[in-house]
Every structure is written in structure tokens, then in C-alpha cells.
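Engineer: Pasting the sequence and the predicted model now:
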Amino acid sequence: MLAVAGHRLPRLGTDVLAAFCAAASLGCLVLLWVRTGDGRAVSWVGGWGPPGGAPARGAQSVGIVLVADRLGLGLALLAAALVLAVVAYAWRYFEEPVGGHAGVFPALLLLFHAGMCGFALTGDLFDAFVFFELMGACAYALTGYRIEDPRPLHGALTFGIVNSLAAYASLLGIGLLYARTGQLGLAQLGQALDTRPPDLLVVCAFVLVLAGPLVKAAAAPFHFWLPDAHAVAPSPVCMLLSGVMVELGVYGVARIYWVVFAGPGGIPHPAFRSVLLVLGTLTALLGAVMCWQQRHLKRLLAFSTVGHVGLFLVGVALLDPAALAGTAVYVASHAGAKAALFGLCGLLLDRYGSVDEHGLHGRARELVLPGLLFAVGGFALAGLPPFGTGLGKALGEEAAGRQLPFLLPALYVLVSAVTGGAVLRAALRVFAGAGPAPVDRPGEPETSGEGEEPEVRGPGRRLPVPLVAVPAVLLLCSLLVGCVPAVGARLAEAARLFTDRAGYLAAAYQAPPAPAAPVPPAGWTAAGVLLGLLSAALATGLALLAVHPLHRGLGAALNRRLVLPLRRLHSGLLGDYVTWLVVGLAGLLVAFAAQR
């Protein structure tokens, strides 16, 4: 309706219609959440269910099944809530829509929402691929929405080509599995693989199928597209890309492994755990290091997303309901904090035509409330209690400490402190004018963030209310995730249900459910609070040290030896990124095959 009739409606009409549709979708998902209780809702699309209500085990399934458990449904709810927030934030955001079609932008947002919800709720592997590609196509178009500027088009093309190549790899993996089993449903694939001895074809199919989710999740070395796309995408789009889309990639990795490949005919738990732990650790460290080095605020937040995705992958790799519960809480709260920070970057872009930390030094002193919100977002990323990010981090640290004491909890603290500290440093410089004016480092590749095209015309006008109100509400929601015990308890139940593979297979086959495992704890502990305070204190210390005059000479040697080579890897060249995609997939294949 918006795409076809949007140019005939006044701008207010398209905004109201988009907000109504987003709110209606959110309401439907809330009703579905209530209906599922502590179990799963299963639906065969179009009535093409199995004969007699339940397929014989091993028989080919023709219909497409939707299986909504609490974790997938929670991600769909998160996507719906963020889409509604973005629609509210973008109320009259673009003064002159491209081509005069006011309905195109909200229509793309709603299609993006459809892809995200479908991917979270489907129980069919090929259907998951279709929804994932719908999500991707809308994301590419939204990234390059401002077609009059070549930079968004370049970022959208890089985003689209790299992700499309990964999608081709996933489709090839799905074809291999279908040729081997004759099945496409997740549960049917898992049951079919359980009856066969594991072989190298299954390993190849596993790596190929995971190509799409890992690239969407921006796991290293598949992450190169993400900072380039975030730097040029409209701020409302960045709120969705970092707030929920990359997290859906992590969800895809977890869902596909647990249901399809976690049985005796798939990938052994130790192999999956060790490979994904290494991948998650490298992603977290690389994201933190690159985040600290950025002056372009959108790229800074993009690399912080890479760092936190690494922590989410670590939580999935532990194969523990408690760790997954912590990751779910972390994701829910991180979405609000990160979307709020990108929204505040949009405010700076609107006001000053720049998102450059150096160029904005002291210029935003007049924006007191946005400055406070930006600092609050930094503390949220650092895991300060009682934010939900702090609770998710605490639960993840506790579960990780049981498997790798000291090392993995230290990783959580370090990555949270560095990413939160980078945001606090930017807040001190931009909104308080702290420290001397930063100087450029000659000979180093940097993206400045100066000379950006304002996304809302008319600088100097009164500050638009949605550009402040929506980030404030999102940060409040991020806080409530950690303050309301029921949220953590429900997500812990969802994590327990998610890791119950036998229960998922039984639900898809409409068989009696298996006995339930105990629900992992999801409350604050003294150790979790102390580690959260520690990471927040480290973030504050790093931010204060960064704006101090003595900071300029402290990290010169480290910058030359470690950071500069990492910067040069992020060349912006599409050929380099495609090469890293191939290298990453080959590395995963060798790693999994070596542990067969």
C-alpha cells in the first residue's frame, strides 16, 4: 500500500499508516508470545501439513512449518519494537523523499521487518534462506537510500555483493543437505542426519550453510562490510542493522546448529565449541581494538557492534543454557542502547552535518540532554549495573567462568570496557569539549566523518522532539531489561527451551514433549555486580585518559605495531573483502574437518 499509493498520500498519512502497521505487528507478536506459554507454537503454512497430522519419521515433508519458541519469538518481538521506534524516530525525517515517493522508505522498513520476523519464526531451512534474503535486499536498498550521494551507493553495493556471495554459499549448502536427506525442514533435517554416520559432506554443508548467518552477524573475518555500510546508511537504518539484524545472524548460527547438526550425525559438540570460541574471541578483540581507534562516530559504534557480536558468539559456543540466557538478555538490552546511540548520531548529523569526533570537539555543548543520553549509552555498553547489558554480561561471565576460568570473564570485561570507553571518550570531547583539540596522525588511514550530508534539512532549526525522545525511551528500555526480574526469568526459560533439541523435534513432529530441563538462574549476583562496576570504571578511566594531554605519546608504539596493520586490512576494496570471505570459509572448513 505504501509503495503503490504513498505518492498520493500526504507525508503525514504515510507516517501514520507505517506507524499503525508496525504497532499492529507488534501487538500480534505479543499475543503470540502470550499464547505460546512456556512451549512452542507450530503452524503448517497454507494447511499443507503432514498426512494424518504428523509425518512418519524419515518420510519427506512437503509443507513449510513455522515453529515459534520463546527465543525466536523474542527476537521477532525485538525487531518489531525497534521498527516501531525507528518509524517514530523517522517521523518526517527526510524532508524530500527520493523521487517524490513518501511511502518508499517506510515500505522498505516494513518489508525489512517482515524478513526479520519470518527468519526468527520459520522451522524450514530453505524458508529461512528466503526470509534472510528478503531482509538483506531491503537492507541494501535502505543503506543506499540517499541515491544522490555516491558514498551510500558504494556502501550498499559492498554490503550487497559480499552478503549475496555468502547467500550463494548457503544455498549450495542447503542443496547438499537436500540431496543427502530429501528434507528441508529443520527438524526433519536433524532427524534424517541422526540416522546417518557423519562424513565430510555434512561438514562442508554445515560450513556453507553458516556462511550467510556469519556474514550477516559480522563475525571476523566476514565483518568488513559492516563498518562501511554503517558509515553511510541513514541513521534510522543503522538503528536496525546494529540493533537486531546482526543479532539475527548469531541466532541463525545457534538455531541451525542446535536443531540440524547437534545430533550424532552432525558436528560434535567439542568441535563446534572450540571453533566458535576462537571465532568469537577474535571477533570480540578485533571489534574492541578497531572501535577504540575510530573518530567517525558511526564507524565507532559499528565496530563496537562487532566486538559485542564476538561476545554473543562466545555465549552460543559454550552450549550451555545459562550462557545462552545471558546472551539473550545481553542482546535485548544491547539493542536498545545501540539503537539509541545511532539515533543520537543522527541528531548530530542533522545539527552539524558531521559525525567526526575531532571536528565536533566542543561544538555540541548546547545539547545538554543529548550529551547526557550519549554518556548513559556509553555506560550501558560498558555493562554498568543495573542495565540489562550488565546483567547479560554477568550471566555470560558466570557461565564462561565455569568452562574457562579467568580468560573468558576477562574477555567480557575488556571488550565491554573498551567499547564503552570509546563512546564515553566521544561524549566528553563532543558534548563537553574535554581535553585539547585532537590532532590527525599523518600517514594513517582514517575515516573522518566530516562533510557528511545532513539527513534532515534546515540546520539551526528547533531540535526535533523524536530525535531525542526515541533514544531516551530506548535507553530506558535497556535499563528495564536489567531492573525487571521477570524479563531475565522469561529469557532464561526461552534459553532452556531453545537448547531442548528433543523438545523441538517432538513439537515439529507434533509428538508428546520431552521432559523439561531446569531453568537456568537469571538474576544479579555479587560477582556480576562487581565485574560490571569494574568494566564501567575501566571504561571511565580509559575515556579520561584518552582526553588527557599525556595520552598522545602513550600508545604510539602499540598503534604502529598492532593497530595500523588492522586499519590497513579494512581497505574499503570489494576484492579484499571477497578474498577474506573465501579465506574465512576455507579456515572454518579446515578447522571442522580436522576435528571430525
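Structural biologist: Cool, got the structure.
Engineer: Show me where the stretch 201-350 of the chain has its strands.
Structural biologist: For the stretch 201-350 of the chain, no strands are identified by DSSP state E, counting those that start in this stretch.
Engineer: wait, I meant the stretch 1-150 of the chain
Structural biologist: Using DSSP E, counting those that start in this stretch, strands in the stretch 1-150 of the chain cover 41-44, 65-68.
Engineer: Switch those over to CSV; also include distance to residue 345 and mean neighbour count.
Structural biologist: (Each C-beta comes from the backbone N, C-alpha and C, glycine too.) Shown next, in CSV, are those (distance: least, Cβ to Cβ, whole Å; neighbours: other Cβ atoms under 10 Å):
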stretch, distance to residue 345, mean neighbour count
strand 41-44, 38, 18
strand 65-68, 34, 22
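Engineer: Need these in JSON lines (columns: distance to residue 190).
Structural biologist: What follows is these, written out as JSON lines (distance: least, Cβ to Cβ, whole Å):
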{"stretch": "strand 41-44", "distance to residue 190": "15"}
{"stretch": "strand 65-68", "distance to residue 190": "12"}
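Engineer: among these, which is nearest residue 572?
Structural biologist: strand 65-68 (39.7 Å; Cβ to Cβ).
Engineer: Please name the spatially closest residue to residue 119 (chain neighbours excluded).
Structural biologist: The shortest distance from residue 119 to any non-neighbouring residue, by Cβ to Cβ, 6 or more residues apart in numbering, is to residue 131 (4.1 Å).
Engineer: Reformat the strands of the stretch 1-150 of the chain as TSV; add mean pLDDT.
Structural biologist: Listed next are the strands of the stretch 1-150 of the chain as TSV, based on pLDDT from 0 to 100:
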stretch	mean pLDDT
strand 41-44	86
strand 65-68	89
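Engineer: right, and those - which one's nearest residue 496?
Structural biologist: strand 65-68 (16.0 Å).
Engineer: ok, now which ones touch residue 467?
Structural biologist: 89, 343, 344, 346, 347, 350 (Cβ atoms under 8 Å, 6 or more residues apart in numbering).
Engineer: ditto for residue 155
Structural biologist: Contacts of residue 155 by Cβ under 8 Å, 6+ apart are 143, 144, 228, 229, 231, 232, 233.
Engineer: and if we set it to 10 Å?
Structural biologist: 140, 143-144, 149, 225, 227-233, 572 (Cβ atoms under 10 Å, 6 or more residues apart in numbering).
Engineer: Now go through these and say which are in helices.
Structural biologist: Secondary structure from DSSP state H places 140, 143, 225, 227, 228, 229, 230, 231, 232 of the contacts of residue 155 in helices.
Engineer: Identify, from those residues, the entry nearest to residue 430.
Structural biologist: residue 231 (16.9 Å).
Engineer: gap between residue 416 and residue 574?
Structural biologist: 32 Å (Cβ to Cβ, to the nearest Å).
Engineer: mind listing what's buried in stretch 519-530?
Structural biologist: 519, 520, 522, 524, 528, 529 (16 or more other Cβ atoms under 10 Å).
Engineer: can you map out the helices along the stretch 401-550 of the chain?
Structural biologist: For the stretch 401-550 of the chain, the helices defined by DSSP state H, counting those that start in this stretch cover 407-432, 466-483, 485-498, 501-508, 526-547.
Engineer: Could you identify which of the ones you listed has the lowest mean pLDDT?
Structural biologist: When the helices of the stretch 401-550 of the chain are ranked by mean pLDDT, helix 501-508 comes last with a mean of 84.
Engineer: do you know which of the helices of the stretch 401-550 of the chain lies nearest residue 67?
Structural biologist: That would be helix 501-508 among the helices of the stretch 401-550 of the chain, by Cβ to Cβ, at 5.8 Å.
Engineer: Surely residue 319 and residue 327 touch.
Structural biologist: No. Judged on Cβ atoms under 10 Å, residue 319 makes no contact with residue 327 at a distance of 11.7 Å.
Engineer: Which one's more surrounded, those two?
Structural biologist: residue 327 (31 against 19; other Cβ atoms under 10 Å).
Engineer: which of the contacts of residue 155 lies closest to residue 156?
Structural biologist: residue 144 (3.0 Å).
Engineer: next one: phi and psi at the closest one?
Structural biologist: Main-chain torsions, residue 144, degrees, to the nearest 10: phi -100, psi 30.
Engineer: Next: the one 4 residues further on.
Structural biologist: In terms of degrees, to the nearest 10, the main-chain angles of residue 148 are phi -80, psi -10.
Engineer: how close does the residue nearest to residue 119 get to residue 115?
Structural biologist: Counting by Cβ to Cβ, the gap from residue 131 to residue 115 is 5 Å.
Engineer: and for those two, which residues touch both?
Structural biologist: By Cβ under 10 Å, 6+ apart, the residues touching both residue 131 and residue 115 are residue 248.
Engineer: In contact with residue 492, which residues?
Structural biologist: 70, 321-322, 324-326, 328-329, 395, 519-523.
Engineer: mind listing what the spatially closest residue to residue 86 that is not a sequence neighbour touches?
Structural biologist: Spatial nearest neighbour of residue 86, excluding adjacent residues (Cβ to Cβ, 6+ apart): residue 236 at 4.6 Å. Listed by Cβ under 10 Å, 6+ apart, the contact partners of residue 236 are 82-83, 85-90, 93-94, 105, 109, 142, 145, 339, 342-343, 346, 455, 470.
Engineer: Could you report the distance from residue 236 to residue 3?
Structural biologist: In terms of Cβ to Cβ, residue 236 sits 18 Å off from residue 3.
Engineer: Next, count neighbours for residue 197.
Structural biologist: Count around residue 197 with other Cβ under 10 Å applied: 8.
Engineer: Might one say that it is in contact with residue 264?
Structural biologist: Yes. Contact criterion Cβ under 10 Å: residue 197 and residue 264 qualify, at 8.4 Å.
Engineer: Now do the helices in the stretch 101-250 of the chain.
Structural biologist: So, for the stretch 101-250 of the chain - with DSSP H, counting those that start in this stretch - the helices run 104-121, 125-143, 150-181, 186-194, 200-216, 225-232, 235-240, 246-256.
Engineer: right, and residue 337 touches residue 479 too?
Structural biologist: Yes. Under the criterion of Cβ under 10 Å, residue 337 makes contact with residue 479 at 9.1 Å.
Engineer: Which one's more surrounded, those two?
Structural biologist: Remark: of residue 337 and residue 479, residue 337 carries more neighbours, 31 against 21, as counted by other Cβ under 10 Å.
Engineer: and the gap between that one and residue 157?
Structural biologist: With Cβ to Cβ as the criterion, residue 337 and residue 157 are 30 Å apart.
Engineer: swap in residue 370?
Structural biologist: From residue 370 to residue 157 the distance is 32 Å (Cβ to Cβ).
Engineer: The two: which is more packed in?
Structural biologist: Between residue 370 and residue 157, residue 370 has the larger neighbour count (other Cβ under 10 Å), namely 23 against 16.
Engineer: got the phi/psi numbers for residue 366?
Structural biologist: phi -70, psi -20.
Engineer: what's the neighbour count on it?
Structural biologist: Neighbours of residue 366 using other Cβ under 10 Å come to 10.
Engineer: and what of the one 3 residues further on?
Structural biologist: Residue neighbour count, defined by other Cβ under 10 Å, stands at 12 for residue 369.
Engineer: do residue 150 as well
Structural biologist: 11.
Engineer: re the thing from before, out of the contacts of residue 492, what pair is the most spread apart?
Structural biologist: 70 and 523 (18.1 Å).
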